[in-house]
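Peer 1: Next comes the sequence, and after it the predicted model I'd like to discuss.
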Amino acid sequence: MKELQELLKKQYEPGLLSLEWITVLYVFYTTILILFYWNGLNDPTGMLLTRAGVLVGIGIIYAIYKRFPYRILRVARIVPMMVLLIIWYPENYDFCSQLPYLDHVFAGIDHSIFGFQPALEFSKAVDSTFWCEAFNLGYYAYYYMMAATMLFYYVCRYDRADKAGFIFLGSFFTFYVIYQFLPVAGPQYYFKAVGEEAATLGVFPEVGNYFRTHLECIPLDVRGIFSSLVLSAQEAGECPTAAFPSSHVGMSTVTMILAYRSGNKPLFYIMLPLYLLLCCATVYIKAHYFIDSLVGFFYACFIYWVMYKLYELTPSLTLPLSRRGKR
C-alpha cells in the first residue's frame, strides 16, 4: 500500500532512465552495423526505420512524463525498453549470419569433455513427461523471472531501480554484441543440418554460411502445456543464432543476483527452483551446447560486476549521485 501511494506521487526527475540511455546507445551502435552489412541484409531500410521510431518513441514518452510527472509514469517507462528486446533479439541473426558459423568448434568442445553430446543424451537419459514439463517450465519462466525482478525494483526498491536497470539491460546488450560476431546456431539447428548420427559419432563438419538459407531445426519434444508454450515462443522468434554464451543461463543468473541483492528473500527463493530447472533445460531441449551454458553462468557473474562498477564510475544520467543505491 505504501509503495502504491509513493507511485502516485507527483515527482519530476529530469533526464532519461538508464535503460533508455542504454537503448539509445544500442540503437546508434546497431545502426553502424546495418550500414556496414547493408548489402547482405534482407531489409536494412526497415531496420533503420525501426530505430528512428524507437528514438521518436522515447522522446514522446519522456514528453508525456514531463507533462504529467507522476512517479508511476516514470516507472511505466521501463516497459517499452523491455519489450524492445523482442525486436532486438532476432536481429542478431541478421548480423551474425553474415559470417561463417562455428558450431563445429563448440560441438567439438562438448565431445572432447564428455565423449558424447549432452544435448542429445540428456533428454534420452531423463525421458519422462514429468521432467520434460518441469524443464520446459523453467525455460519458459525466464521471461517472467526477469520481468518480476525489474518490476519489484521499480515499485519496491525505487532508490536502487536505476542501477538495477543499468546492470540488467547493459548485461543483455553485451550478450547481443557477442552474438553478432560469434555465430553459433546451437544443437537444435546444427545437429539437424549435419545429422544426429554424425554428431553421436563425433563428426562435426563446418557448415559455413549454411544457416543463411536454412532454418530447419530438430523439433521440440512436446508433451504438455509448458513444452507447448516453449515451442510457441521458439516458433515466434527463434533463429539459428545466440547460442554461445547462453543468455538464458546468463541473464537468469544476473536476474538472480539482482533478486538476492534486493533483500527480498521470498522473491529469490521462489525463483531459485525455476532458475535451476532453466539452466538444465538449455541443454535438455537442445537449445545450447553444455559449454554455452557453463560459460553463460561465469560470464553473467563477470558482466554483473563490470556493469555494477561502471554505474558507480559513470556520472548518473538520471538521478543525483546522492540518490544512487549503495548495494
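Peer 2: Perfect, thanks for sending it.
Peer 1: C-alpha only now, for contacts and for neighbours.
Peer 2: Noted.
Peer 1: give me every residue that touches K286.
Peer 2: A119, L120, G186, P187, Q188 (CA atoms under 8 Å, 6 or more residues apart in numbering).
Peer 1: what does F135 give?
Peer 2: Neighbouring residues of F135 by CA under 8 Å, 6+ apart: L277, L278, C280, A281, Y284.
Peer 1: any chance of the contacts of K286 in JSON lines, with distance to G263 and neighbour count too?
Peer 2: Shown next, in JSON lines, are those (distance: CA to CA, whole Å; neighbours: other CA atoms under 10 Å):
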{"residue": "A119", "distance to G263": "36", "neighbour count": "24"}
{"residue": "L120", "distance to G263": "39", "neighbour count": "20"}
{"residue": "G186", "distance to G263": "36", "neighbour count": "29"}
{"residue": "P187", "distance to G263": "38", "neighbour count": "29"}
{"residue": "Q188", "distance to G263": "38", "neighbour count": "23"}
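Peer 1: Show me the two of those residues that sit farthest apart.
Peer 2: L120 and G186 (11.8 Å; CA to CA).
Peer 1: quick one on the thing from earlier: out of the contacts of K286, which comes closest to F226?
Peer 2: Distance to F226 across these (CA to CA) is lowest for Q188, with 18.3 Å.
Peer 1: what helix or strand is that closest one on?
Peer 2: helix 187-194 (DSSP states H and E).
Peer 1: name the helices or strands packed onto that helix?
Peer 2: helix 103-114 (3 or more CA pairs under 8 Å, 6 or more residues apart in numbering; DSSP states H and E).
Peer 1: the inter-axis angle of the helix it packs on versus helix 187-194?
Peer 2: Going by axes from the mean of the first three to the mean of the last three CA atoms, to 10 degrees, helix 103-114 is angled at 110 degrees with respect to helix 187-194.
Peer 1: Just give me how far helix 103-114 sits from the chain centre.
Peer 2: Relative to its chain's centre, helix 103-114 lies at 24 Å (CA atoms, centre = their mean, to the nearest Å).
Peer 1: what about it, average pLDDT?
Peer 2: Averaging pLDDT along helix 103-114 gives 97.
Peer 1: Contacts for it next, please.
Peer 2: For helix 103-114, the external contacting residues (CA under 8 Å, 6+ apart) are 116-118, 183-187, 190, 202, 204-207, 289-291.
Peer 1: out of those residues, which are buried?
Peer 2: Neighbour counting with 16 or more other CA atoms under 10 Å marks 116-118, 183-187, 190, 202, 204-205, 289-291 as buried within the contacts of helix 103-114.
Peer 1: Farthest-apart pair in these, please.
Peer 2: Top of the distance list for these (CA to CA): F116 and P183, 22.4 Å.
Peer 1: Just the residues contacting stretch 260-267, thanks.
Peer 2: For stretch 260-267, using CA under 8 Å, 6+ apart, the contacting residues are T149, Y153, R157, A259, F268, R327.
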